[in-house]
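J.: structure for the following, please:
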Amino acid sequence: MNLDDLRRAVRGTVTTAHEAGFSDAIHGNLWNRLIPDRAPQLVVRAADEDDVIAAVTFARANGLKVVVRGGGHNWCQPTLRTGGLLIDLQDFTKVLAIDAENRRAVIQPILSNRDIQKILNPLGLAYPTGHCPQVKVSGYLLGGGMAWNPTVWGHGADSVAALELVTAAGELITASATENPDYFWAARGAGSGFFGIVTKYHLDLHPLPRAIHGVEAYYRLEDAPRVGAWLGETAPLIASSVELSLYLVKAPPALRDAAAAQTGWVCLVTATAFEDTPEAARRALQPLERAPVAPLSRSTAAPLDFEQLFDASGALFPEAVRSRVEAAYSNHSPGDLVQAVLDLWPKAPSDTSVFLLAIFCGPNVPEPQRDMARSMTSKVYGGPWTMWRDAGADQANAEWHRALTQALHPFNIGSYIGESDMVARPEIVPQAFTPEKWRKLCALRDRYDPDRVFFDYFEGLAGGSAS
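T.: Below you'll find the model as predicted:
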């Protein structure tokens, strides 16, 4: 099959590096505007599964490696490789079926977290989507899925019942616990190293909690370590239905004077209870009223819906920014993690940067291992999200971000494949898995992609610096 054959075979578009529109084809839908100079030889923007099969067949026939792009939100841009063929799934945006009675759905991979909840919630249903409203389920579920209501619903991948995918041989198959189970195991957590192209997800849905309530409290930056220590001690005693987070953020306008001594930074604590009655939600949130220090401000428990949750989360991670992210798992006290960055944080070059720690609540944390590639589990998860807009500030933000990650490194036990810089630090990729699961994942790649049709975690990334 030559290039003309490929163009005739697909309903979508084929764009080569020498054609107009190529730059937009490889960069246009990338979330992170800190764009590396890596580039494929051509892009197939697939219209359907037949296009995906044709693209894989062409790549095999012409000795080209394949990389797949879903929503383009991955922070370190692993869908940009040097050479090869990029298969872009951005037009796979449909909900194919919803069975409300049996709580099942079939969707294509390029639906956003916000859109899924917007479709399901009026039916009294929900799915453990991620927190950023714009993120698509493709990369989110392949990475395992850091979900809302995590200690009740689990990870996003826990609620994947089956998936349909194109293999390295160009075959369309279904994978589940009973059919092609190796693919099913790997797809739930392998992230950008998965050796297949998922075109449909079959999802198990959950009843929508009837009383979602939230509270927030702001504290002085210098009190953040003490607040973090208290949250770490209290989390095992808080109901599993509560999602608890600590942030270092710029103070809202009403608190700017109070935060002036720390260059405008404050500690923010948020908690969301996913319950079925307002009384149960307020009761679940009560332990957070007993902070060891006086807050600068504190709200009372108020009803929320997913639209409001997404609005709040989206405001922390704005569009069209240049980003570096390094989030990790830890079993240390959140107070220790905050203390490790406390002196560095007021020196942040950008007001839009965020330090986030998710503190998992309930008695069963860390959770037991699940039968999937996704591996890491801990009491705390998070780190710095360094975000800025001016290209002239790249070096200053990169150096500050590097200092933060070095300060936190002694506390880390592992990484999340979707929110770590595997390009700059490829050694962290195996750290996203237990040793046993990493060995199994490598063995499955050898078995199901022996010709190495797909780029692995490491290939095609060297020499492509972000600019």
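J.: for the rest of this, base every contact and every neighbour count on C-alpha atoms.
T.: Noted.
J.: what is the burial count for residue 28?
T.: Residue 28 has 12 neighbouring residues, counting by other Cα atoms under 10 Å.
J.: residue 103: neighbour count?
T.: Other residues near residue 103 come to 18 when the count uses other Cα under 10 Å.
J.: please name the nearest non-neighbouring residue to it.
T.: Distances taken as Cα to Cα, 6 or more residues apart in numbering place residue 205 nearest to residue 103, at 4.8 Å, with adjacent residues excluded.
J.: what about the one you found, neighbour count?
T.: Neighbours of residue 205 (other Cα under 10 Å): 22.
J.: contacts only, for it.
T.: 103-105, 125-127, 159 (Cα atoms under 8 Å, 6 or more residues apart in numbering).
J.: tell me the confidence at it?
T.: In this model, residue 205 is scored at 98, pLDDT.
J.: look up how far residue 22 lies from it.
T.: Relative to residue 22, residue 205 is positioned 39 Å away (criterion: Cα to Cα, to the nearest Å).
J.: before we move on, the earlier item: ok, the contacts of residue 205 vs residue 395, which is closest?
T.: residue 127 (39.4 Å; Cα to Cα).
J.: for the closest one, give me phi and psi.
T.: Main-chain torsions, residue 127, degrees, to the nearest 10: phi -140, psi 140.
J.: and it, how close does it get to residue 407?
T.: 36 Å.
J.: neighbour count winner among these two?
T.: residue 127 (26 against 15).
J.: once you drop chain neighbours, what's closest to that one?
T.: Once flanking residues are discounted, residue 127 sits nearest to residue 205: 5.3 Å by Cα to Cα, 6+ apart.
J.: how much space between that neighbour and residue 191?
T.: For residue 205, the distance to residue 191 (Cα to Cα) stands at 22 Å.
J.: residue 344 too?
T.: Applying Cα to Cα to residue 344 and residue 191 gives a distance of 31 Å.
J.: between the two, which is the more surrounded one?
T.: With neighbours defined as other Cα under 10 Å, residue 344 and residue 191 compare such that residue 191 has more, 23 against 14.
J.: contacting residues around that one?
T.: By Cα under 8 Å, 6+ apart, residue 191 lies in contact with 139, 141-144, 417-418.
J.: quick one: the strands in the stretch 201-350 of the chain?
T.: Listed in chain order, the strands of the stretch 201-350 of the chain (DSSP state E, counting those that start in this stretch) span 206-207, 211-220, 242-250, 265-275, 297-298, 302-303, 322-325, 328-330.
J.: which one of the ones you listed lies nearest to residue 186?
T.: Comparing the strands of the stretch 201-350 of the chain by Cα to Cα, strand 328-330 comes nearest, at 20.6 Å.
J.: could you list the paired strands of that closest one along with their orientation?
T.: Strand 328-330 pairs in its sheet with strand 380-388 (antiparallel), strand 414-415 (antiparallel), by DSSP bridges.
J.: pipe the ones you listed into JSON lines and attach mean neighbour count per row.
T.: Output for these, formatted as JSON lines (neighbours: other Cα atoms under 10 Å):
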{"stretch": "strand 380-388", "mean neighbour count": "24"}
{"stretch": "strand 414-415", "mean neighbour count": "24"}
